[in-house]
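*Asks:* give me coordinates for this.
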Amino acid sequence: MNSLLHVVAAVIHDDRGRVLLAQRPPGKPHAGYWEFPGGKVESGESPQAALARELHEELGIQARIGRRLIAVPHQDIVLEAWRIVDFQGTLHPREDQKLAWIAPEDIDSALLPPADRPIVSALRLPDHYLITPPVEAEDLAGFLAAVDRALGVGIRMLQLRQPGWSRAQLVPLARQVRDRCRHAGAALLLNTDWQVAELLGLDGVHLPARVARTLDSRPLPRQRWLGVSCHDADELRHAAAIGADFATLSPVHFSPGHADSQPLGWQRAEAMIAAAAIPVYALGGMQLSEMDIAHASGAQGIAAIRSLWPD
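*Replies:* Okay, here's the model as predicted:
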């Protein structure tokens, strides 16, 4: 770890929700690419102190640093992205760099260096990821009512998971959930079947680890979300290698859905998340009260069935 170059970057929002990007100048690696402003951590500096120094040097501001959004290991660097709570001073380019304010959903990740791209995914992803429980065919009305309640309390990404259902059964249900999610401005991912997800114009697909390990590239376009279920560091590495946008890591705690698996616990989960090159949701026995510890452990947030599914 000590041989890696430690770099910090700032996520600065304006009052319209846009984030600040700076263009790398000629003569530097990735010249012409856009990046989140920041720089190297010097010996003896904390990441927060280094970022505050860099922002003053580059942008002329005194920044108040918030929580870390994500840490991205890439080749010989580790890039930490930190949210900026607010700042004092007039933000301006002190090194003649070009600046741009861009909404996260409008950022073209291809124009960013590879290490910065997972930051964009982390900005677009919500903190809560709901996985739907199995539904019985005779209780579709109750299931859809629960989806409505979940969307009504702020769930903005959910995975429709119906193991054992045929496509003939799944497609009508997926259409109804899709329409509800679109109305609420939420993303809907389908478990496993990316062909149905594409057919219905869903927002993406979530793959079990057993399916992901058979792939060497992502099976759907970049404008769709690709999530992967992971249970160890090797599966997290493979998820990143095939181009997944995010992963779940489970089980952090005991969960009836992973009754035969040894829980990772937060310490092991944190170490695995730190080595992951994509955003990771903590899964397995998660409670809403654990969001702060999930963030402190480097996770994007929590994924859950029971604690996020309305009664």
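*Asks:* quick check: the gap between V78 and D139.
*Replies:* 48 Å (Cβ to Cβ, to the nearest Å). For every residue, glycine as well, the C-beta is placed using N, CA and C.
*Asks:* nope, A49 is what I meant
*Replies:* For A49, the distance to D139 - Cβ to Cβ - is 55 Å.
*Asks:* poorly predicted segments of the chain, please.
*Replies:* For the chain, applying pLDDT under 70 flags the ranges 1-2, 258.
*Asks:* rewinding a little: neighbour count for A49 and D139, which is higher?
*Replies:* Per other Cβ atoms under 10 Å, whichever of A49 and D139 has more neighbours is A49, with 14 against 11.
*Asks:* phi and psi next, for the more buried one.
*Replies:* The phi/psi pair for A49 (degrees, to the nearest 10) reads phi -70, psi -40.
*Asks:* and it, what does it touch?
*Replies:* Applying Cβ atoms under 8 Å, 6 or more residues apart in numbering to A49 gives no contacts.
*Asks:* helices of the stretch 201-311 of the chain, start to end?
*Replies:* In the stretch 201-311 of the chain, the segments counted as helices under DSSP state H, counting those that start in this stretch are 209-212, 233-241, 265-274, 291-296.
*Asks:* domain map for the chain?
*Replies:* Split into domains by automatic domain parsing, the chain comes to 5-118, 128-304.
*Asks:* the stretch 101-250 of the chain: strands as residue ranges?
*Replies:* Secondary structure of the stretch 101-250 of the chain (DSSP state E, counting those that start in this stretch): strands at 128-131, 157-160, 187-191, 204-207, 225-230, 246-249.
*Asks:* the longest one packs against which elements?
*Replies:* Where contact means 3 or more Cβ pairs under 8 Å, 6 or more residues apart in numbering; DSSP states H and E, strand 225-230 is packed against strand 187-191, strand 204-207, helix 209-212, helix 233-241, strand 246-249.
*Asks:* between those, which one is closest to L125.
*Replies:* strand 246-249 (6.0 Å; Cβ to Cβ).
*Asks:* and the contacts of the closest one?
*Replies:* Strand 246-249 has contacts (Cβ under 8 Å, 6+ apart) with 121, 125, 129, 206, 225-231, 235-236, 239-240, 264, 269, 272-273, 276, 278-283, 299-300, 303.
*Asks:* for H253, see how far away the nearest residue to I293 once chain neighbours are set aside is.
*Replies:* Nearest non-adjacent residue to I293, counting by Cβ to Cβ, 6 or more residues apart in numbering: W266, 6.3 Å away. From W266 over to H253 the distance is 9 Å, taken as Cβ to Cβ.
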